[in-house]
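1. sequence first, then the predicted structure, then my questions.
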Amino acid sequence: QRSEDSCDLCPDNAVVPAAYADRTLPFIAAEFNGIVPTCEILQAALHSIPSTDVYCEGSQTSLFEYCGCDPNYPPEPVYLTEQNKCTVCRGEGNIMKFPEKY
């Protein structure tokens, strides 16, 4: 059973949404002895540390959106296609045609 002050990835003791539960976190595999955790596994692991732990704060700050805790965060990355290409860019997609001038 978790304690009252245990860490939660999502605010307000919410669970990671089901659509994100299996999302992998390969960039923190070293923290899990080389095993690539999912958002659900991270959430369970965080329950074992206090909310005041530095690792808790770091996870909440950097991973809560990626794991779906923020409803405004898109579920999947948005890739540029011909239909939604950048309309600000000029030429070959460069943001600044003459970067040396700025």
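-> Alright, I've got the coordinates.

2. okay, CA-based contacts and neighbour counts for the rest of this
-> Fine.

3. mind listing the helices for this structure?
-> For the chain, helices defined by DSSP state H occupy the ranges 39-46, 54-63.

4. for stretch 16-34, what is the average pLDDT?
-> Stretch 16-34 shows a mean pLDDT of 91.

5. stretch 46-56 too?
-> Mean pLDDT, computed over stretch 46-56, is 91.

6. buried ones in it?
-> Across stretch 46-56, burial judged by 16 or more other Cα atoms under 10 Å covers 46, 47, 48, 49, 50, 51, 56.

7. thinking again about what came up before, out of the helices of the chain, which is the most enclosed?
-> Mean neighbour count (mean count of other Cα atoms under 10 Å) peaks for helix 39-46 among these, with a mean of 20.

8. quick one, it and helix 54-63 angle?
-> Computed with axes from the mean of the first three to the mean of the last three Cα atoms, to 10 degrees, the direction of helix 39-46 lies at 160 degrees from that of helix 54-63.

9. what about dumping the CA coordinates of helix 39-46 to PDB?
-> Extracted in PDB, the C-alpha atoms of helix 39-46 (Å, rounded to 0.1, in the frame of the first residue of the first chain):
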ATOM      1  CA  CYS A  39       4.500   5.300 -18.400                       C
ATOM      2  CA  GLU A  40       2.500   2.900 -16.300                       C
ATOM      3  CA  ILE A  41       5.700   1.300 -14.900                       C
ATOM      4  CA  LEU A  42       7.200   4.700 -14.200                       C
ATOM      5  CA  GLN A  43       4.000   5.700 -12.400                       C
ATOM      6  CA  ALA A  44       4.200   2.500 -10.200                       C
ATOM      7  CA  ALA A  45       7.900   3.100  -9.500                       C
ATOM      8  CA  LEU A  46       7.200   6.700  -8.400                       C
END
